[in-house]
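Colleague: A structural model of the following input is requested.
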Amino acid sequence: MSKLIICLYIFCGLSILFLTEWYLTITNVPYQKLLMIQRFKGITFIVITAAILYFFLKKRKSYRLLKEEQERLQTLIHSMADFVNFKDGQGRWTEANKFGLELFQLEHVDYKGKKDSELAQYTDFYKDALEYCEISDEETWVNRKVTRCEEIIPMPDGNHKSFDTIKVPLFHEDGSRKAFVVIGRDITERVKAEQHLLQSQQQYKSLFDYNPDPVLMMDIDGVITNVNPRFESVTCWRFDDIIGVPIMDVLANSNEKEKLHQSLAEVIENKTGITYGDIRILTKHKETVLLAFTLVPMLINDQIIGVIGYAQDVTLIRETEVVLRKTEKLSVVGELAASVAHEVRNPLTSLIGFVQLLKSNELEYQHYYSIMLSELDRINLIVSELLVLAKPQDMKFSEHNIVILMNDVVTLLKPEANLNGTSISIKGNESIPIIRCEANQLKQVFINIIKNSIEASATSVSIEFSIASDQVTVNVKDNGQGIEKARIKHLGEPFYSSKEKGTGLGLTVSSRIIETHRGNITFESTLGKGTEVHLCLPINCHSQQSIG
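Modeller: Prediction:
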């Protein structure tokens, strides 16, 4: 363009010069008019020359500014840690920054004017990658829009780099291909961090979801925010039902609320975990499970956002501990009985004999002798109960009618019941089948239970039989003083009794007898309203075990 303007300027200038000279030679122009023509011609050339100089100076300045801008752009492109590549409409490289050339090992290759497939011949390691770039570029050309994808470039050291690649196709106004721009941001570290985070999340999720123990999360206000499947199965609370519920609302014992509140506050304040201990949780079905909790803070950037409760279902463990303690007590009772009972009984027999002799000879102190004999008989009864626990007794089972056995016991106890103002009624059931049992042992159980009712100031004792499946159930219900709920769970333990002169061995022996018959005994009682005892016995019990 500049050359054309210069040529046009020279042509026009020479044309004007020669035309004016020719015109002056063929015409007789006055001197004054000739002088004016020469001046006009000079001024015209000066103006045109000035305009041309201005135009070229301006272009030169624009060119210099453009060159400086291009240099800055080149500096920026080459200093970028991203891959930058410019291609023409045919896919030939026109510009690439230093990072991109080093990435594909092309820093010593004259890359300009070459396509990806041609540059692939200069590097064996990146041959496939460069050839794929040409295919990927063509897809972008066809789609005629900016595309973004994640590309993985292998490295010679065996690792690989991940790039967030943006490809921009440029078109002429007529729709033909003009240029192609490729920018690739190195996101290798970000991808590694994301993978590490994802792995950590998966590990945490596995630890949380597949933990064999119940786990729950709470915010700093004690509101449940998450529970694992094991917590759901133990408490029967569904995820949607329990989320958003304060932990205090699912405590079975309201007395634990203040203690738990203090423990949560301690964890939040000190940012340390504590072993809380057992918490009674109320299940969805209004039952109680015992969970041993460890509370730990949930920290993010050293800021506590909640509390995690790791629990262990210790319901069966605690029940087993209770059974073991009872067993230990029975063991102690047995050892004690074995060492004491026989030693006590021999002198006891002598004492009873001498007191009876004195009573028959000394009429003056009959009242005192009667008291002494009564107390000695009581001592003898206690020793007999101790011997039952201490000495194993072979039990030979045979078939008996349990209703008849109960009638025998009622007949035996009726005088004592009448003396205490207690009426005993039996609701017989002719359909009750014959069961296999040890008759004398069951009679002992019936005696202990009915005597407890009489001694509890009951005015009536009702006995009812029922049958369910392969078991016979005996319900003994009285309207006596009743038993406090806290004491019911201790019934059957050796030496535990609510009676002033009771030893607690009666129910201990009874429980052992029922267990030997492979049955079970349970108690229901309301203070001031009475007690109900449920005896369940199998119909066909072939056990011939020993008790003691």
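Colleague: residues near residue 144, how many?
Modeller: When neighbours are defined as other CB atoms under 10 Å, residue 144 has 10 of them. Any C-beta I mention is one placed from the backbone N, CA and C, and that applies to glycine too.
Colleague: assign a three-state SS to residue 522, would you?
Modeller: Assigned with DSSP: H, G, I helix; E, B strand; the rest coil, residue 522 falls in the strand class.
Colleague: now it: how far from residue 533?
Modeller: Between residue 522 and residue 533 the distance is 8 Å, computed by CB to CB, to the nearest Å.
Colleague: who's more crowded, the two?
Modeller: residue 533 (24 against 11).
Colleague: in the helix or strand containing that one, what counts as buried?
Modeller: According to DSSP states H and E, residue 533 maps onto strand 530-538. Applying a neighbour-count criterion of 16 or more other CB atoms under 10 Å, one finds 530, 531, 532, 533, 535, 536, 537, 538 buried in strand 530-538.
Colleague: report all helices and strands that it contacts.
Modeller: With contacts defined as 3 or more CB pairs under 8 Å, 6 or more residues apart in numbering; DSSP states H and E, strand 530-538 has these neighbours: strand 435-437, helix 439-455, strand 471-478, strand 520-526.
Colleague: out of those, the one nearest residue 182 is which?
Modeller: strand 520-526 (81.3 Å; CB to CB).
Colleague: the closest one: how far from the chain's middle?
Modeller: 38 Å (CA atoms, centre = their mean, to the nearest Å).
Colleague: could you give me the buried positions within it?
Modeller: So, applying 16+ other CB under 10 Å, buried residues of strand 520-526: 521, 523, 525.
Colleague: for stretch 297-312, same thing?
Modeller: Buried residues in stretch 297-312 (16+ other CB under 10 Å): 297, 298, 304, 306, 307, 308, 309, 310, 311, 312.
Colleague: how about it as CSV, C-alpha atoms only?
Modeller: The C-alpha trace of stretch 297-312 is given here as CSV (Å, rounded to 0.1, in the frame of the first residue of the first chain):
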residue,chain,number,x,y,z
PRO,A,297,-15.0,-32.7,68.1
MET,A,298,-15.6,-32.2,64.4
LEU,A,299,-13.1,-29.6,63.2
ILE,A,300,-12.7,-27.7,59.9
ASN,A,301,-9.8,-25.2,59.7
ASP,A,302,-9.4,-25.5,63.5
GLN,A,303,-13.0,-24.3,63.9
ILE,A,304,-15.4,-26.7,65.7
ILE,A,305,-18.6,-27.2,63.7
GLY,A,306,-20.1,-30.1,65.6
VAL,A,307,-19.5,-33.3,67.6
ILE,A,308,-19.3,-36.9,66.4
GLY,A,309,-20.5,-39.6,68.7
TYR,A,310,-19.0,-43.0,68.3
ALA,A,311,-21.1,-45.6,70.0
GLN,A,312,-21.1,-49.2,70.9
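Colleague: what's in contact with it?
Modeller: 213-220, 222, 225, 231, 247, 264, 267-268, 271-273, 279, 291-296 (CB atoms under 8 Å, 6 or more residues apart in numbering).
Colleague: OK, contacts around the most centrally placed residue in the chain?
Modeller: A centroid search over the chain (CA atoms, centre = their mean) returns residue 228, at 3.2 Å, as the residue closest to the centre. By CB under 8 Å, 6+ apart, the contact list for residue 228 reads 208, 209, 211, 214, 215, 216.
Colleague: so among those residues, where is pLDDT lowest?
Modeller: The member of the contacts of residue 228 with the lowest pLDDT is residue 208, at 78.
Colleague: ok, and the closest non-adjacent residue to that one?
Modeller: residue 228 (5.2 Å; CB to CB, 6 or more residues apart in numbering).
Colleague: could you measure from that neighbour over to residue 260?
Modeller: Taking CB to CB, one finds residue 228 at 20 Å from residue 260.
Colleague: how far is stretch 412-422 from where the chain is centred?
Modeller: 61 Å.
Colleague: need the CA coordinates for it. PDB is fine.
Modeller: Output of stretch 412-422 as PDB, limited to C-alpha atoms (Å, rounded to 0.1, in the frame of the first residue of the first chain):
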ATOM      1  CA  LEU A 412     -50.800 -77.000 102.400                       C
ATOM      2  CA  LEU A 413     -50.800 -73.200 102.700                       C
ATOM      3  CA  LYS A 414     -54.500 -72.600 103.300                       C
ATOM      4  CA  PRO A 415     -54.200 -72.700 107.100                       C
ATOM      5  CA  GLU A 416     -51.400 -70.000 107.000                       C
ATOM      6  CA  ALA A 417     -53.400 -68.000 104.400                       C
ATOM      7  CA  ASN A 418     -56.500 -68.100 106.500                       C
ATOM      8  CA  LEU A 419     -54.500 -67.000 109.600                       C
ATOM      9  CA  ASN A 420     -53.300 -63.900 107.600                       C
ATOM     10  CA  GLY A 421     -56.700 -63.200 106.000                       C
ATOM     11  CA  THR A 422     -55.700 -64.200 102.500                       C
END
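Colleague: can I assume residue 170 is in contact with residue 178?
Modeller: Yes. The pair residue 170 and residue 178 qualifies as a contact (CB atoms under 8 Å) at a distance of 4.5 Å.
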